[in-house]
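Undergrad: I'll drop the sequence and a predicted model, then ask my questions.
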Amino acid sequence: MLFRSTKEQFINLTKNVILPLFTGAQIVGEEISSGRDSEVAQGANGAMLLKPNKQDEYRLIIKRNQPFKNKDISLVKFIMTELMLVDEYEAFDGTYKKNLQSLAIEKAICKSLSEESSDVLLELVEELTKWAERTYEGRNLTFGIVVNEQVESRSGLHFTDFIANDFMALLSDGKLSTLELDKNGNFVGYSILERLRAIPTICPQSNINFAKFCNENKIGVTLYENGDMLLFKNYALQFARRRGIWNSYDHEAMIDLLSNKANHTMKEIRKSIYITALDVSFTRDGGCIVYLNKDEQGLVMNHIDMDDILSEKHYNLKKELELVEQEKLYNLFNKNYIDTVFNLTYSQYLDENNCLKAKTLRKIINGRKFHELNRKLRQELVGMDGATVVDYDGTIVAIGAIIKIEAGSTGGGRLAATKTLSRYGVSIKISTDGVMQGFVNDKRTNTPKPIFSIG
């Protein structure tokens, strides 16, 4: 590689073009480098090392909350190659160069998915971007198109011949139907995606069938009504462009982060929590969910109202905490309060305090743990106002709970609740614009520490 940029220009390029792809990534410093070092490399503790040219005597140290993986390093190598070509055009004004840099990111993403079909994929992204800015009979549209590298079409019909026409508006939705192209972009046909075999997938719920169709030789592109564009391969969501910014998804790394370095967690529970957060993110409902540490299930009850509790075990834990507080404040002289709370069984408390929400949710849950619930139900429950709290074993502690936040909490109500709950496990905030942020407690400072951010 040979960048003409100065060090300051390269740092700005990294900040403005490369880092936004990896949500939460930051330049945290630099290290001495020699001509033997690669321009892009894996560093210690999951960092990424980056420099513009082989002979440069420094490398930027880039970190984010989750470690960078091999596929991230490979993607940045593609990005650097494309950006180097843009860097040569010094005569271009800033706006034009910025557009070229954005195009370079898209080209690199397409190459990372398939070098063989990258040109076709890039054309697809460009054409669907045009559709994202159009409407048909007053409404925005959805699309699903798959590039199948295993077939070769002799139709003589290239997708660019017809994709821009109005008659395409209702053909394929990326959920239950898709158009299929060969690696050269020639039209293969139309497929219904309703009866596909059971294949493990990680993607938004509405795209499950589409993701099952996208194996190691099929790359899928979908367009949502809200303008989000998603790229699929290997039965999973790989990239998404939201609000004009591309994000890379490393699902397994995110699921691992939910363990919070504890050995008692079950992957099945962590996966169900992550997938539910992903679903809420793409439906843009917003939500808050916390996965408790095994030894924090009692203390978290200080922040949850008695009426929001859905588990008899946690109702009893709450009673114990309340009794301690009553001993401190009233020395057990408040007999009326004691009689109405501490002498009641869980069922009696729900009946006598007319806890309709808790009783209704308990009926819906029907004794099941979080990971045992239907995926659609989990998404709807987490999307309710308030926080969903899940114990270490999957027991649902509360849904839609209004959290008593700690003094000094910052941000909006949902973010403040998420940070408060992070003292007791991994806490995830999903904003209505789709961004997922995860927090845990930093034991050194006893403050919320971000561990991931994506979307």
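TA: All right, it came through fine.

Undergrad: close enough to count as contact, Ala277 and Ser427?
TA: No: in this structure Ala277 lies outside contact range of Ser427 using CB atoms under 8 Å: 10.9 Å. For the C-beta atoms, the positions are set from N, CA and C on the backbone; glycine is no exception.

Undergrad: Excluding covalently adjacent residues, which one is nearest to Leu258?
TA: Leaving out its chain neighbours, the residue that sits closest to Leu258 by CB to CB, 6 or more residues apart in numbering is Arg270, at 4.1 Å.

Undergrad: residues in contact with that neighbour?
TA: 255-256, 258-259, 291 (CB atoms under 8 Å, 6 or more residues apart in numbering).

Undergrad: Helices of the stretch 201-350 of the chain, residue ranges please.
TA: Taking DSSP state H, counting those that start in this stretch to define them, one finds helices in the stretch 201-350 of the chain at 208-213, 251-257, 267-283, 312-330, 335-337, 346-352.

Undergrad: would you list the ones you listed in a markdown table and tack on distance to Thr23?
TA: Output for the helices of the stretch 201-350 of the chain, formatted as a markdown table (distance: least, CB to CB, whole Å):
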| stretch | distance to Thr23 |
| --- | --- |
| helix 208-213 | 21 |
| helix 251-257 | 11 |
| helix 267-283 | 12 |
| helix 312-330 | 33 |
| helix 335-337 | 47 |
| helix 346-352 | 41 |
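
Undergrad: who wins for proximity to Arg241 among those?
TA: Arg241 lies closest, by CB to CB, to one member of these: helix 267-283, at 12.6 Å.

Undergrad: residues of the closest one that come out buried?
TA: 269-283 (16 or more other CB atoms under 10 Å).

Undergrad: Name the spans of the chain whose pLDDT lies under the cut-off.
TA: Applying pLDDT under 70 to the chain flags the ranges 1, 88-95, 326-342, 406-412.

Undergrad: The stretch 51-200 of the chain: strands as residue ranges?
TA: Ranges of strands within the stretch 51-200 of the chain are 58-63, 143-148, 177-182, 187-192, based on DSSP state E, counting those that start in this stretch.

Undergrad: Determine which stretch of those is the most buried.
TA: strand 143-148 (a mean of 25; mean count of other CB atoms under 10 Å).

Undergrad: Pull the residues that contact it.
TA: For strand 143-148, using CB under 8 Å, 6+ apart, the contacting residues are 114, 117, 120-121, 124, 128, 131, 159, 172-175, 177-183, 185, 188, 191, 210, 213-214, 217-223.

Undergrad: what lines up beside that strand in the sheet?
TA: strand 177-182 (parallel), strand 218-223 (antiparallel) (DSSP bridges).

Undergrad: Report the backbone C-alpha coordinates of it in PDB.
TA: Output in PDB follows, covering the C-alpha atoms of strand 143-148 (Å, rounded to 0.1, in the frame of the first residue of the first chain):
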ATOM      1  CA  PHE A 143     -36.700  -6.400  -1.400                       C
ATOM      2  CA  GLY A 144     -34.800  -9.600  -1.200                       C
ATOM      3  CA  ILE A 145     -32.200 -10.700  -3.800                       C
ATOM      4  CA  VAL A 146     -29.700 -13.500  -3.600                       C
ATOM      5  CA  VAL A 147     -26.500 -14.000  -5.600                       C
ATOM      6  CA  ASN A 148     -26.000 -17.700  -6.100                       C
END
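
Undergrad: That one versus strand 187-192: what angle between them?
TA: Calculated by axes from the mean of the first three to the mean of the last three CA atoms, to 10 degrees, strand 143-148 forms an angle of 120 degrees with strand 187-192.
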